[in-house]
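**Q** Any chance you could fold what I've pasted below:
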Amino acid sequence: MGKVTGFKEYQRKEFSLAPIGERVQHYHEFIIPLSNSEMEDQGARCMDCGVPFCHSNYGCPLGNIIPQFNDQIYRHQWENAFRTLMSTNNFPEFTGRVCPATCESACVLGLHENAVSIKNIEYSIIEKAYQEGWMRPQIPAIKSGKSVAIIGSGPAGLAAANQLCKAGHHVTVYEKDARIGGLVRYGIPNFKLDKQQVVQRRVNLMKEEGVEFITHAHIGRDIPIAQLQSRHDAIVLATGAGNPRDLPLPNRDAKGIHFAMEFLAQANSRVEGERIDPEFEIVATNKDVVVIGGGDTGSDCVGNAIRQGAKSITQIELLPQAPTQRTASMPWPTYPRLFKRSTSQEEGESTNFNMMFNLLSKSFIKNASGAVTGINCVKIQWEGGNFQEINGSEFVLKTDLVLLAMGFLGPNQEDVIQELSLLTDERSNIQTNRFATSVQGVFAAGDNRRGQSLVVWAIHEGRECAVAVDEYLSQEPSMLNRRDRSLCERT
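**A** Next comes the predicted model:
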């Protein structure tokens, strides 16, 4: 490292956030980045640790060469840092905003001091690259004559498309929804990841590179996948894990009970100007909202409900509150499951927001017109991995909008999986052998293969799947797994 004593001289400095009272009035991003010189000081904190766990399997699934780009920005070599970052990560503008920074939890400096602010450095590098014009279309110098269909335009599908386009293949991405992006378009709120300024900006660049996008194309339902098999030399299934976990309690059929993704997708569509049919609209305005599920998806529901003017918001969780510090069961450098209030939960401090743990939902309550009015709940205590209800702790939680945010069980089984009769595993995910499915020429990547996971893992899946597809098409070792590959020319 150029500044071997930097970690002693500089303290970790975070991006600041717009005041809560200001940011809850809109759906725009509200982080306030540091200056370039301040970020260079943050890069100087990266110590000469010898074994950089930040880009090991414990840290970054993509293997981002973190010490190198940290050193490069410390030395004012921002464009070189950009090249280093892009050599392993197709979409740092996504991960620099929404990744939980597993790299920072594996940072060696983080053993005794505050970890290096890797996520903010990544954000700063890619945004400077766009500002300076370094982020330009990469046009393949050689065309293979092969055609690949990508089904699904989430981060796994986009990463596979980006890599295969660089290798010279013609790539067509099929998306069932109206806009490209999958989870990053419809699931993550606009105030965390701007759809036009960030997602569409990247999609437009990929179009310039030659990737073709087709929307409103639900393959396996409206369009038989057999049509794609006749048009393309290979197919990549990147359809995600869209089967939400339900809560089959008495009166589950009550009006006003919805899956979280239905609510979040509508909120994002509304921000982009899409009209929602009033008959199916889900809004939190002037309602007592209960979010069942204490994870990130539930937190995103809280943030949107606040901005929509909910009367009250209660987020409930079956499990106990996670610890705030590592325990013996979470040794360094593994990613620790710690409790930290999200920005949306912090926003709730200025509203009628409450978060409750160790709470079991017993049944929903509905009125004569069939609308939900409450949830019968009981407090529980955990012992040895099992819970018991606490006698006398039953109560009714008033609500007229329930959002189920309890994760996903796996991919939808009723479209491409059903049509192709694909083999699946015990968790209903698509079975693969090095990303190849049980059907010749059909590959799978992302959450439909490995289960619900992080955006950074989806990008990793897409990249690795692209290598397998490229080798299948060329019948020789792929060039896509080489960092020194020079298949593209810049325009």
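
**Q** any weak-confidence spans in this protein?
**A** Counting by pLDDT under 70, the chain contains low-confidence ranges at 1-2, 481-491.

**Q** 80 instead?
**A** The model of the chain has pLDDT under 80 over residues 1-2, 350, 479-491.

**Q** What are the structural domain limits within it?
**A** As assigned by automatic domain parsing, the chain contains the domains 6-132, 138-242+409-490, 247-406.

**Q** how distant is the last one from the center of its chain?
**A** Its chain's C-alpha centre and that of domain 247-406 lie 19 Å apart, by CA atoms, centre = their mean, to the nearest Å.

**Q** Could you do the second one as well?
**A** For domain 138-242+409-490, the distance between its averaged C-alpha position and the chain's averaged C-alpha position is 15 Å (CA atoms, centre = their mean).

**Q** shouldn't N304 be in contact with P189?
**A** Yes - here N304 lies in contact with P189, judged by CB atoms under 8 Å, at a distance of 5.8 Å. The C-beta positions use only the backbone N, C-alpha and C, and glycine is treated the same way.

**Q** overlap in contacts of the two?
**A** The contact sets of N304 and P189 overlap at 264, 267 (CB atoms under 8 Å, 6 or more residues apart in numbering).

**Q** Compare those two and say which one has the larger neighbour count.
**A** Each of N304 and P189 has its neighbours counted (other CB atoms under 10 Å); N304 has more, 27 against 23.

**Q** Which element, helix or strand, includes that one?
**A** Applying DSSP states H and E as the criterion places N304 in helix 296-307.

**Q** For that helix, C-alpha coordinates in CSV please.
**A** The C-alpha coordinates for helix 296-307 follow below in CSV (Å, rounded to 0.1, in the frame of the first residue of the first chain):
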residue,chain,number,x,y,z
ASP,A,296,-34.6,-6.0,4.3
THR,A,297,-37.8,-6.5,2.3
GLY,A,298,-39.9,-5.7,5.3
SER,A,299,-37.8,-2.7,6.0
ASP,A,300,-38.4,-1.5,2.4
CYS,A,301,-42.1,-1.8,2.9
VAL,A,302,-41.7,0.4,6.0
GLY,A,303,-39.9,3.1,4.0
ASN,A,304,-42.6,3.1,1.3
ALA,A,305,-45.4,3.1,3.8
ILE,A,306,-43.9,6.1,5.5
ARG,A,307,-43.7,8.0,2.2
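
**Q** Tell me the helices and strands packed up against the next helix or strand after it.
**A** Sequence order places strand 312-316 as the next helix or strand after helix 296-307, per DSSP H and E. Contact partners of strand 312-316 among helices and strands, from 3 or more CB pairs under 8 Å, 6 or more residues apart in numbering; DSSP states H and E: strand 288-292, helix 296-307, strand 353-356.

**Q** So for P333, which of the ones you listed sits nearest?
**A** helix 296-307 (21.6 Å; CB to CB).

**Q** From the contact counts, what lies against that closest one?
**A** Using 3+ CB pairs under 8 Å, 6+ apart: helix 296-307 touches helix 260-271, strand 288-292, strand 312-316, helix 343-347, strand 401-404.

**Q** and the top strand by length along the chain with strand 288-292, angle?
**A** Ranked by residue count, the top strand of the chain under DSSP state E comes out as strand 372-383. Here strand 372-383 runs at an angle of 40 degrees relative to strand 288-292 (axes from the mean of the first three to the mean of the last three CA atoms, to 10 degrees).

**Q** what's the angle between strand 372-383 and strand 312-316?
**A** Angle of strand 372-383 versus strand 312-316, following the same axes, to 10 degrees, is 30 degrees.

**Q** how about strand 372-383 as CSV, C-alpha atoms only?
**A** In CSV, the C-alpha atoms belonging to strand 372-383 read as follows (Å, rounded to 0.1, in the frame of the first residue of the first chain):
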residue,chain,number,x,y,z
VAL,A,372,-58.8,-7.4,7.4
THR,A,373,-59.1,-5.5,10.6
GLY,A,374,-56.5,-7.2,12.9
ILE,A,375,-54.2,-10.0,13.7
ASN,A,376,-54.5,-12.3,16.7
CYS,A,377,-51.0,-12.4,18.2
VAL,A,378,-49.1,-14.0,21.0
LYS,A,379,-45.7,-13.4,22.5
ILE,A,380,-43.3,-16.3,22.4
GLN,A,381,-40.0,-17.4,24.0
TRP,A,382,-37.2,-19.4,22.3
GLU,A,383,-35.4,-22.3,23.9
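
**Q** List the neighbouring strands of that strand plus their orientation.
**A** strand 359-366 (antiparallel), strand 386-389 (antiparallel), strand 395-398 (antiparallel) (DSSP bridges).

**Q** returning to that earlier point: what residues does the helix holding N304 touch?
**A** 24-27, 187-189, 191-192, 260-261, 263-264, 267, 284, 289, 291-292, 313, 315, 317, 342-345, 347-348, 351, 353, 403, 405, 407.

**Q** same thing but 6 Å
**A** 24, 189, 260, 263-264, 267, 284, 289, 291, 313, 315, 342, 344-345, 347-348, 351, 403, 405 (CB atoms under 6 Å, 6 or more residues apart in numbering).

**Q** Then stretch 99-118?
**A** The contact list for stretch 99-118, computed with CB under 6 Å, 6+ apart, reads 7, 12, 42, 45-47, 49, 53-54, 58-60, 66, 119, 332-333, 335, 456.

**Q** first to last residue in that stretch, what's the distance?
**A** Terminal residues of stretch 99-118 are spaced 11 Å apart (CA to CA, to the nearest Å).

**Q** same check, this time on stretch 440-448
**A** From its first residue to its last, stretch 440-448 covers 18 Å (CA to CA).

**Q** list the buried ones in it?
**A** Going by neighbour count (16 or more other CB atoms under 10 Å), the buried part of stretch 440-448 is 442-448.

**Q** ok, now stretch 285-300?
**A** Within stretch 285-300, the residues scored as buried using 16+ other CB under 10 Å are 287-294, 296-300.

**Q** Closest one to N89 out of those residues, please.
**A** Closest approach between these and N89, by CB to CB: D296, at 20.3 Å.

**Q** The closest one and R97, how far apart?
**A** The gap separating D296 from R97 is 13 Å, by CB to CB, to the nearest Å.

**Q** rewinding a little: make CSV from the strands paired with strand 372-383 and add mean neighbour count to it.
**A** As requested, the strands paired with strand 372-383 are arranged in CSV below (neighbours: other CB atoms under 10 Å):
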stretch, mean neighbour count
strand 359-366, 18
strand 386-389, 12
strand 395-398, 14
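
**Q** I figured M406 hits V291, correct?
**A** No - checked against CB atoms under 6 Å, the pair M406 and V291 is beyond contact range at 10.1 Å.

**Q** For the residue nearest to I142 when sequence neighbours are not counted, list the residues it contacts.
**A** Nearest residue to I142 in three dimensions, chain neighbours excluded: G168, at 4.8 Å (CB to CB, 6 or more residues apart in numbering). Counting by CB under 6 Å, 6+ apart, G168 touches 140, 142-144.

**Q** secondary structure class for G168?
**A** coil (DSSP: H, G, I helix; E, B strand; the rest coil).

**Q** So what does it have for phi and psi?
**A** Dihedral angles of G168 (phi, psi; degrees, to the nearest 10) stand at phi 100, psi 0.
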